[in-house]
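Asker: model the following, please.
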Amino acid sequence: MAWRIVFFGTPSFSTPTLEILLQGRDEVVAVVTQPDREKGRGRRMIPSPVKELALRRGVTLFQPERVKDEAFHEALRALQPDLFVVVAYGKILPKSMLVIPRHGAVNVHASLLPKYRGASPISWAILGAEERTGVTTMLMDEGMDTGDILLQKETPIGEEENAETLHDKLSPLGAGLLMETIEKMKAGEIVPLRQDHSKTTYAPPLSKEDGKINWAREAREIDRQVRAFYSWPGAFTGWEGRLLKISRGSAREGAVQNEPGRIVWVGSDFIEVAAGRGLFRIEEVQLEGKRKMSVKDFLSGHPVDVGTILNDNAK
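Answerer: Okay, the predicted model is just below:
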């Protein structure tokens, strides 16, 4: 039996799920995504990745400014949907919308709920030193990622995993789990499981301030910060009055007799900095206004002296 599905999503994380739905037996009767936003120096209006995919595939598209708009609700009711599928849409759906589809609304979330509820679960899982994460499908309610769990699938977080590589791992994993969830819902093979709210942790939206490196922290913490906030907002420090983003590096153990933030060694392709505990080896950087480059390329045009202090006063 084919279901009529309305899909809600916005960023690239959502597109594998929409693509697999469009290839399946069910009918995607509409796609809902956020309005185009201004981006870049030219402030051009940029469509979301989900919008671009929907337009290519000729699917009916909605971009409401307000999800509580009654005219929008009426348009959804007219579609007579069996199910809403929500993947990183970016807005909480009100109860008046959740009751529209016959079988409710299923959300695909990039964590093992109830851990890391919120907008940025991938980054916060890395920052939280988790060894494993995964994806969850859940029945949506009025809360933020508080609904009953349907299915979950785990995956390890590699020692060098950053937010981009983990995103690319979890996105197709979530798409596959969604299809399994729908098939098991149709067969009556899923018993929704209430979340243990006492184990809840949160993953709030990221801000630029999150990327500022405090060199007094342990090198391992700085390493997780660099990986968690790749590529936005980016981990950054101050160097000779300019902002220097650090996009790749590694933590090293060892006693340090230097002030945190002091450069203690400059190699041919790395810069080593004293942390509050241990050393952090910088391997790839992006100087303010420049492209991303290896430290080897950076050093060829920007001499760096041992003893230089990197600071956390960059803006």
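
Asker: low-confidence ranges in this protein?
Answerer: Where the chain drops to pLDDT under 70, the residues are 40-42, 312-315.

Asker: longest helix in this structure, please.
Answerer: Secondary structure of the chain per DSSP state H: the longest helix is helix 163-186.

Asker: return the set of buried residues in that one.
Answerer: 163, 165-167, 169-171, 173-175, 177-182, 185-186 (16 or more other C-beta atoms under 10 Å). C-beta coordinates here come from the backbone N, C-alpha and C atoms, glycine included.

Asker: helix or strand next in line after that helix, which one?
Answerer: helix 219-228 (DSSP states H and E).

Asker: show me how the record splits the chain into domains.
Answerer: What the record gives for the chain is the domain set 4-199, 208-301, from automatic domain parsing.

Asker: could you look up the SS state of the residue nearest to Pro64 when sequence neighbours are not counted?
Answerer: Once flanking residues are discounted, Pro64 sits nearest to Phe72: 4.6 Å by C-beta to C-beta, 6 or more residues apart in numbering. Secondary structure assignment for Phe72 (DSSP: H, G, I helix; E, B strand; the rest coil): helix.

Asker: wouldn't Phe72 be in contact with Gln63 here?
Answerer: No - using C-beta atoms under 8 Å, Phe72 is not in contact with Gln63; the gap is 9.8 Å.

Asker: which residues are in contact with each of those two?
Answerer: Residues touching both Phe72 and Gln63 by C-beta atoms under 8 Å, 6 or more residues apart in numbering: none at all.

Asker: would you map the helices across this protein?
Answerer: Secondary structure of the chain (DSSP H): helices at 15-23, 49-57, 70-78, 95-98, 121-127, 163-186, 219-228, 295-301.

Asker: closest to Phe270 out of these?
Answerer: helix 295-301 (5.4 Å; C-beta to C-beta).

Asker: about what we covered before: please name whichever of the helices of the chain is nearest to Pro35.
Answerer: Nearest of the helices of the chain to Pro35, taken as C-beta to C-beta: helix 49-57 at 9.2 Å.

Asker: show residues contacting the closest one.
Answerer: Residues outside helix 49-57 that contact it (C-beta under 8 Å, 6+ apart): 7, 9-12, 14-15, 18-19, 22, 31, 33, 36, 47, 61, 63.

Asker: report the buried residues of it.
Answerer: Within helix 49-57, the residues scored as buried using 16+ other C-beta under 10 Å are 49-51, 53-54.

Asker: show me which strand runs longest in this structure.
Answerer: strand 242-252 (DSSP state E).

Asker: strands paired with it, and their directions?
Answerer: In the sheet, strand 242-252 lines up against strand 235-239 (antiparallel), strand 279-287 (antiparallel) (DSSP bridges).

Asker: kind regards, and thank you for your time.
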